Structure formats: C-alpha cells, structure tokens
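A.B. asks: next one to model:
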Amino acid sequence: MMVKLFAMRFMRYIISFLLLCCLFNPEALGQRKKVGVVLSGGGAKGVAHIGVLKVLEEAGIPIDYIAGTSMGAIVGGLYAVGYSAHALDSMVRVQNWPFLLSDKVYRYNLPFSEKEADGKYLLSLSFSQEKGLSVPAGFVSGQNVYNLFSELTIGYHDSISFRQLPIPFACVAANMINGKEVVMDRGILPLAMRASMAIPGAFAPVILDSMVLVDGGISNNFPVNVAKEMGAEITIGVDLSTGLKDLQGLDNIMGIVDQLTAFMGMQNYEKNKEMVDLYINPELKGYSAASFTKEAIDTMILRGERMARAHWDEIMALKKQIGLEEEEKAEPHIDNKFLQMDTLVIGKIFVEGVKERDEKWIQRQLGIKEFSITTMDRLREAVSFLYGTGAFSQVNYSLSGDRIYDLTLRLREKPGSSLNLGFRFDSEEMASILLNTTFSHRALRGSRFSITGRLNKNPYVLVDYSFGSSVLRKLGISYMYKYNDIDLYEKKDKVDNIIYSYHRGDLNLSDIYFRNFKFQLGLRYEYYKYKSALYNPDYIARELESEGFFSYYALAHIDTYDKKYFPDKGLAFQAEYSWFTDNMVNYKGHAPFSALSFNFEPTVRLTRRVYLLPALYGRVLIGRDIAIPYLNYIGGEVAGRYMNQQLPFCGIHNLQIFDNSVVVGRLQFRYRLGMRHFVTLTGNYAKQTNNFFEILEGENVWGGGAGYAYNSIIGPISVTFDLSNWDKKLGFYFNLGYYF
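C.D. replies: Below you'll find the model as predicted:
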C-alpha cells in the first residue's frame with residue numbers, strides 16, 4: 001500500500017514538473033513566438049521593403065503583425081490584406097507614379113468644357129464669398145493615390161479593426177493640432193494609409209475626428225514600439241534612413257522635408273532602433289523620397305533583396321529563436337482574392353456630399369446603374385470624369401459587401417469661382433499674360449460668369465455668361481473687345497499694316513458638350529472699326545471701311561488626345577461652317593458668302609519614342625464680295641493667333657493672304673529623347689486657288705523645319721528653325737509657356 005501511494009505521488013510530481021516546463025517553454029507545446037515586421041517611411045525608397053519581404057518569404061519567416069509609417073504603411077497595409085511580395089513588385093513597376101502623385105485627370109476623361117481650358121493657366125485658385133481665396137493645404141490633394149488605395153483594398157472599405165485583416169496591421173500618423181503620434185489600428189484602411197503618407201506641404205492632410213493627420217514620420221518613422229504593443233515578441237525592422245543630409249542634399253524641397261522629418265522624430269527613432277531584434281537597412285544613399293523613375297524603383301527593390309540576403313544567417317538564427325527549424329516552411333502568404341478581379345456586381349448606389357436634387361443627375365453622369373455588372377476600368381473612368389468636371393475637390397468611393405457591392409460616392413464640392421493666371425513669352429509677340437476670373441455660385445450646375453483679359457501686343461477682353469452644368473451648357477452669351485495691330489506680308493516683303501478695333505457678340509443657341517465631342521450652333525455679330533492710315537490700297541483694298549457682320553455658324557469638334565501638348569495617342573478633328581450677312585439675310589444686296597474650314601490631326605505611335613503626326617487642314621470661301629476680315633490668312637506656328645481663321649504653316653513666318661481655297665497637308669516626325677525632351681522634323685505642303693474644284697491645279701507652296709522642345713511644368717519651351725519656297729528666308733521661333 002505504501003509503495004503504491006509513493007508511486008502515485010511520484011507520478012504527480014513528474015506531471016506537475018512537465019506542465020511547468022511547458023509553461024516556460026512554449027516550443028514544447030508546438031507553439032512559436034509571434035513576429036512583427038516594421039517598415040519605415042521614406043517615400044519612393046519604400047519600394048525596397050518589397051525586396052526584403054521577398055527574402056523573408058523565401059526564408060519561411062512567419063509574419064504575425066505589421067507596423068508601418070508613410071510608404072511603409074502603404075507596403076505594409078497591402079501586404080496585410082494578402083498581396084505577396086512578388087505581387088507588390090509587379091504592381092509598383094507598372095504604376096504611372098508622376099500621375100498618381102498628382103491630382104491630374106487623364107485628358108480622355110475630361111468633359112469637353114475642361115479640355116478647352118486645359119493647358120492655358122499656370123495658376124488657378126478657387127474662392128468663395130465666405131472664405132475668399134482658397135490656398136490648398138498641400139501641393140497635391142491626394143485624389144489619385146487615394147483612389148488607387150481604394151481599388152487595391154476592395155473588401156476592406158468598411159470601418160473595421162485592422163486586427164481583423166489577414167495579418168494584423170497598424171500604421172502611424174501625426175496630429176498637427178497637438179503634434180502627438182496617432183496609431184491607426186482601426187477605421188477605413190485606405191484612409192489610414194493615405195493619412196500616414198501625407199507629407200506636410202506636399203500632400204493635403206487628412207481630416208478625421210477633429211484631427212488633422214499628416215505623415216507619421218514626423219513623430220515615429222520606425223514604429224518598432226507599435227509592433228511590440230500589438231503583441232510581437234520578435235521584431236524585424238526595415239529602416240530606409242540614410243542619415244542626415246549635408247549641404248548638397250538640401251538643394252530641393254524633398255530633401256528639406258526629409259531632413260525636417262528626421263529631426264522631429266529623432267528621439268523615437270533612436271529608442272526604436274535599440275529595441276528591434278533584426279535591423280535591416282538597404283543603404284539607399286543617393287536616392288530620395290521622389291526617386292520614382294523605373295530605373296530607380298528596379299534598383300531599390302534589388303538593394304532591399306540583396307541586403308536581406310546579406311543577413312541570411314541572422315534570419316536563420318532568428319527563425320530558430322522564433323521556434324521553427326531552419327528547413328521548416330511558414331504558411332504560404334494568403335493570396336488577395338481581389339488581385340486579378342476586374343468585374344464588379346453593383347447593388348445600391350449612394351451619393352454623399354451633394355444636394356439631394358443633384359444625386360440622380362450625378363448617377364446618370366456616372367454611367368453605372370444599380371444592380372448591374374460593371375468593370376474596374378469603367379469605375380475608374382466614372383470617378384475621373386466627375387473629378388474632371390472641376391466641380392469637386394474630392395471624388396472618392398467605397399465598395400461595401402462581399403459578392404454584391406454597394407457603391408458609395410463621397411464628393412466634396414469646391415467653390416465654382418476661381419482666379420486663373422497664364423503667361424507666355426515668344427519671339428513674335430514677346431510677353432503675353434492671360435488673366436481670368438470666373439464667378440459661379442456652384443461649380444456643378446447653374447450660371448457662370450467670367451471675365452478674361454489678355455495683355456500683349458494685341459490685347460483683348462472677353463466677357464462670357466453661360467447657364468447649364470459642367471457637362472451640358474445649354475445657353476451661352478459673350479462679348480469680346482480686341483485691339484489689333486497686324487502686319488501683312490507678301491512673301492518676304494512687308495506690304496501693309498492694319499490697326500483696328502474688333503467687337504464681337506455671340507449667342508450660343510445650343511452648346512452641347514460630351515466627353516470628347518462638342519457640337520455648337522450660334523448667332524454672332526462682329527464689327528470691325530479700322531483706325532490705321534498706313535494700309536496699302538494697292539494690296540488689300542481701295543476703300544477699307546468699318547463694317548459689321550451677322551453670321552450663323554455650326555461647329556463640330558472631336559478631341560481624344562491624351563495630352564494637349566506632345567500627345568502619345570488620340571486625334572483631333574474640327575469642322576466649322578459660317579454664313580455671313582450684313583443684315584441677317586443677305587450681303588450687299590445679294591446672297592451671303594460663307595466659309596467652310598476643317599482640321600484633322602491624328603497621332604501615330606511607331607515605337608516607344610517615335611511618333612508620326614500627320615495633319616490635313618484647310619479653308620474654302622464660297623460666294624462673291626468676300627469681306628477683307630474673312631479672307632484666308634496663313635503663317636506662323638500658332639493657329640488663330642491674329643485672325644480667328646489664321647492657318648499655321650511651317651516656313652511662312654508672317655501673316656499672308658492666300659486665295660479663297662487653301663488645303664494644307666503636314667507630316668511631323670517627333671522623337672522623344674527623354675521623359676520631357678523632344679526633337680521634331682516637320683514638312684508641309686499647300687495648294688491654293690480661287691476655285692476649290694481646281695485645287696489640284698493650284699499654286700504649290702512647301703516648307704519645313706526642325707526644332708527642339710522641352711515639356712516643362714510652365715508649358716512647352718521650344719526652338720524652331722524653318723524655311724519655305726514662299727518667302728525663301730530662314731526663320732527662327734522661340735516659345736516659353738502655354739498657348740492662348
């Protein structure tokens with residue numbers, strides 16, 4: 001009996017001892033330590049995180065928590081919802097980063113009314129009666145990058161705890177109101193990622209729950225402490241810092257912002273660096289937060305991978321510390337089910353941020369119906385189109401649901417009134433300034449009143465009133481006064497000078513805009529008051545008298561260019577017919593005369609750098625007693641510079657009068673040297689005659705030129721040399737700025 005009792009007690013002690021061992025040694029129960037990965041901020045340098053994640057996946061390191069700041073929050077957030085390192089690698093390489101990091105809209109998606117204003121103004125500021133001029137809180141509002149985050153995180157648009165993600169996630173932002181660190185571990189995932197990367201001055205801050213959130217690098221750029229607070233027992237940190245910059249690195253705005261961020265978060269940075277178990281720095285000296293070129297992205301991803309491989313032995317040692325054998329594989333990274341998704345089943349559609357009467361109108365413009373099937377491309381286009389109307393400072397969306405998604409559009413209307421400034425300098429007119437003020441109670445729908453003035457050798461003032469929407473202008477009334485001082489040439493000799501005042505009143509009876517097409521009907525009155533006594537009666541007219549004209553016109557215009565200047569694809573076509581009278585019925589007691597003009601300019605891309613730009617344009621006058629202001633004028637590089645109907649011709653440097661029928665064919669060869677540098681070779685050939693049906697027997701005019709252009713942020717900068725058989729003189733033209 002005693003032996004049996006002793007044996008039972010002994011077994012009890014043994015079991016208790018084994019239980020205690022298990023409590024202090026989790027590996028004995030098959031458990032392992034929890035791993036947290038920490039990804040620092042660094043702008044473009046953040047793509048190096050992807051290279052490190054590739055190696056961690058290869059090594060079989062499990063990742064239980066992710067904490068990130070700024071670009072680290074973007075990579076970390078996407079990894080947390082199921083994008084593998086290889087998927088992220090492919091994704092960052094195909095993005096159009098200059099476009100994403102701007103608020104631009106692809107020109108194809110702009111309403112036609114916005115296409116016409118595109119590429120004119122250097123500066124545009126909104127204003128309202130309540131707030132006056134609105135200066136943006138950041139150079140970029142973040143429209144495009146936020147919508148990319150929304151697209152990549154479909155399925156996680158609801159307000160949730162980020163611990164519910166496939167990999168628990170948290171990111172860091174800073175509250176500008178009190179300067180404190182804000183750990184974002186719940187809410188709307190794309191909004192949290194956007195807040196964490198809001199570099200002050202570069203991106204507008206995110207307003208959330210009375211907080212003004214900006215880039216978390218200000219407070220905690222290397223959030224190891226956040227990963228530990230989430231539950232990480234072992235941390236692997238990827239730090240993109242390259243040390244403080246010297247004088248050479250502080251010669252640009254991004255360098256200065258980087259330095260300020262580093263100073264402000266220095267205390268937390270040093271503490272976190274000491275806490276991390278495995279520290280990896282890809283050593284990206286020479287690269288900056290703005291290094292988004294394809295070559296730089298390729299190199300930085302490779303450096304991240306190489307540096308992680310250089311720590312391979314430490315990674316394997318850490319793997320044992322985690323509780324895994326060297327050859328043991330971690331569970332495969334969960335695949336994001338939305339990665340290859342392109343088709344969406346839409347349920348209900350909700351519109352937030354506009355008046356109730358506008359909701360249905362916006363849904364019609366959206367082009368996506370409730371309880372229908374659509375594509376991501378169609379959704380992107382719809383969002384871009386609404387933003388492109390200029391009526392909103394923000395157009396975002398969310399998709400809620402699983403297989404059938406309710407679509408919520410979140411719009412923020414902006415003041416319809418604006419102040420705009422344009423500038424150009426060229427060797428023909430010297431300096432030109434364009435000023436515009438537009439008054440509108442609402443930018444979306446209603447009346448709009450604008451005043452535009454151009455200051456140069458031939459100044460004008462244009463007053464315009466229109467009523468309708470940003471997409472459909474039903475009625476337009478305008479008045480223009482223009483002062484003209486024009487030299488006329490006959491081949492290479494100056495033969496005349498005309499100075500006159502021009503008044504124009506225009507009533508658009510129908511002014512219909514679609515995305516890439518415009519059709520317009522109108523009635524116009526023009527009055528020419530001649531002031532000059534220097535005209536040559538032997539050249540242009542024996543009696544040049546002031547005169548007024550009523551005209552009826554119809555205009556059709558198609559524009560699918562992806563860019564106004566230096567397009568890569570698309571075409572432009574314009575046709576106009578005008579019927580001129582002096583009393584709304586006839587002209588000088590007989591039938592009115594008329595004018596038909598056309599212009600067709602497609603873009604043909606031969607290779608990645610080589611383009612052919614053919615063009616066919618002309619103008620035909622029909623009738624007798626054609627009035628002097630409506631004759632065919634040709635010359636210069638810019639259409640309509642001095643006369644509305646002026647046709648450009650490479651090699652004819654000054655304004656010249658041609659016969660009643662003119663047809664021009666042009667072929668331009670354009671070679672792109674770099675992202676913004678272009679070399680062009682141009683040849684054009686014209687036929688002119690007074691009878692259009694004899695145009696093939698008409699007089700031959702040919703010319704050509706060569707030029708260089710740089711597509712700068714203030715507009716094209718170009719130099720052109722040209723020559724023609726018409727004036728037989730080498731010409732030179734220089735331009736800086738947008739055309740207007």
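A.B. asks: buried set for stretch 657-676?
C.D. replies: 657-664, 666, 668, 670, 672 (16 or more other CB atoms under 10 Å). Heads up, the C-betas are built off the backbone N, CA and C, glycines and all.
A.B. asks: which of those residues sits closest to residue 404?
C.D. replies: residue 672 (45.2 Å; CB to CB).
A.B. asks: could you find the closest non-adjacent residue to that closest one?
C.D. replies: residue 609 (4.5 Å; CB to CB, 6 or more residues apart in numbering).
A.B. asks: can you tell me how far the one you found is from residue 41?
C.D. replies: 35 Å (CB to CB, to the nearest Å).
A.B. asks: low-confidence ranges in the stretch 451-600 of the chain?
C.D. replies: 469-474, 509-514, 532-543 (pLDDT under 70).
A.B. asks: quick one: the strands in it?
C.D. replies: 460-469, 472-490, 493-513, 517-530, 547-559, 571-581, 593-602 (DSSP state E, counting those that start in this stretch).
A.B. asks: among those strands, which is nearest residue 406?
C.D. replies: strand 460-469 (26.2 Å).
A.B. asks: give me the sheet partners of that closest one and which way each runs.
C.D. replies: Partners of strand 460-469 in the sheet, by DSSP bridges, are strand 445-455 (antiparallel), strand 472-490 (antiparallel).
A.B. asks: report the distance from the longest one to the chain centre.
C.D. replies: It stands for strand 472-490. 31 Å (CA atoms, centre = their mean, to the nearest Å).
A.B. asks: residue contacts, residue 487?
C.D. replies: 494, 496-497, 654-655 (CB atoms under 8 Å, 6 or more residues apart in numbering).
A.B. asks: in the sheet, who's paired with it?
C.D. replies: Beta-bridge partners of residue 487, as defined by DSSP bridges: residue 497.
A.B. asks: so how far is residue 105 from it?
C.D. replies: Residue 487 is 40 Å from residue 105, by CB to CB.
A.B. asks: for residue 696, same thing?
C.D. replies: Relative to residue 105, and taking CB to CB, residue 696 is found at 44 Å.
A.B. asks: could you dump the strands of the stretch 451-600 of the chain into JSON lines and include distance to residue 62?
C.D. replies: Putting the strands of the stretch 451-600 of the chain into JSON lines (distance: least, CB to CB, whole Å) gives the following:
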{"stretch": "strand 460-469", "distance to residue 62": "55"}
{"stretch": "strand 472-490", "distance to residue 62": "57"}
{"stretch": "strand 493-513", "distance to residue 62": "56"}
{"stretch": "strand 517-530", "distance to residue 62": "56"}
{"stretch": "strand 547-559", "distance to residue 62": "54"}
{"stretch": "strand 571-581", "distance to residue 62": "54"}
{"stretch": "strand 593-602", "distance to residue 62": "56"}
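A.B. asks: quick one: the most centrally placed residue in the chain from residue 384, how far?
C.D. replies: Computing the C-alpha centroid of the chain and ranking residues by CA atoms, centre = their mean puts residue 104 first, at 2.1 Å. Residue 104 sits 10 Å away from residue 384 when distances are taken as CB to CB.
A.B. asks: also residue 555?
C.D. replies: 26 Å.
A.B. asks: which residues touch the residue nearest to residue 672?
C.D. replies: Applying CB under 8 Å, 6+ apart, the residues contacting residue 609 are 671-673.
A.B. asks: mind redoing it with 10 Å?
C.D. replies: Contacts of residue 609 were listed using CB atoms under 10 Å, 6 or more residues apart in numbering, and they are 670-674, 678.
A.B. asks: relative to residue 671, how far out is it?
C.D. replies: For residue 609 relative to residue 671 (CB to CB), the value is 6 Å.
A.B. asks: one more: residue 78?
C.D. replies: 38 Å.
A.B. asks: what two of the buried residues of stretch 657-676 have the greatest distance between them?
C.D. replies: Most distant of these, by CB to CB, are 660 and 672, 39.5 Å apart.
A.B. asks: on that earlier part again, need the residues touching each of residue 609 and residue 671.
C.D. replies: residue 678.
A.B. asks: more neighbours, residue 696 and residue 105?
C.D. replies: residue 105 (23 against 8; other CB atoms under 10 Å).
A.B. asks: run through the residues that contact the nearest residue to that one once chain neighbours are set aside.
C.D. replies: Distance criterion CB to CB, 6+ apart; nearest residue to residue 105, sequence neighbours excluded, is residue 388 at 4.1 Å. Residues in contact with residue 388 (CB under 10 Å, 6+ apart) are 104-111, 113-115, 118, 381, 395, 470-471, 515.
A.B. asks: helices of the stretch 301-450 of the chain, residue ranges please.
C.D. replies: With helices called from DSSP state H, counting those that start in this stretch, the stretch 301-450 of the chain shows them at 312-322, 356-366, 376-388.
A.B. asks: so where do the helices sit in the stretch 151-300 of the chain?
C.D. replies: 189-196, 224-230, 253-264, 266-275, 294-310.
A.B. asks: okay, buried residues for the second one please.
C.D. replies: By neighbour count, and taking 16+ other CB under 10 Å as the criterion, the buried residues in helix 224-230 are 224-228, 230.
A.B. asks: other SSEs contacting it?
C.D. replies: With contacts defined as 3 or more CB pairs under 10 Å, 6 or more residues apart in numbering; DSSP states H and E, the packing partners of helix 224-230 are strand 35-39, strand 65-69, strand 169-175, strand 181-184, strand 234-238, helix 266-275.
A.B. asks: and with 8 Å instead?
C.D. replies: Contacts defined by 3 or more CB pairs under 8 Å, 6 or more residues apart in numbering; DSSP states H and E place helix 224-230 against strand 35-39, strand 65-69, strand 169-175, strand 234-238, helix 266-275.
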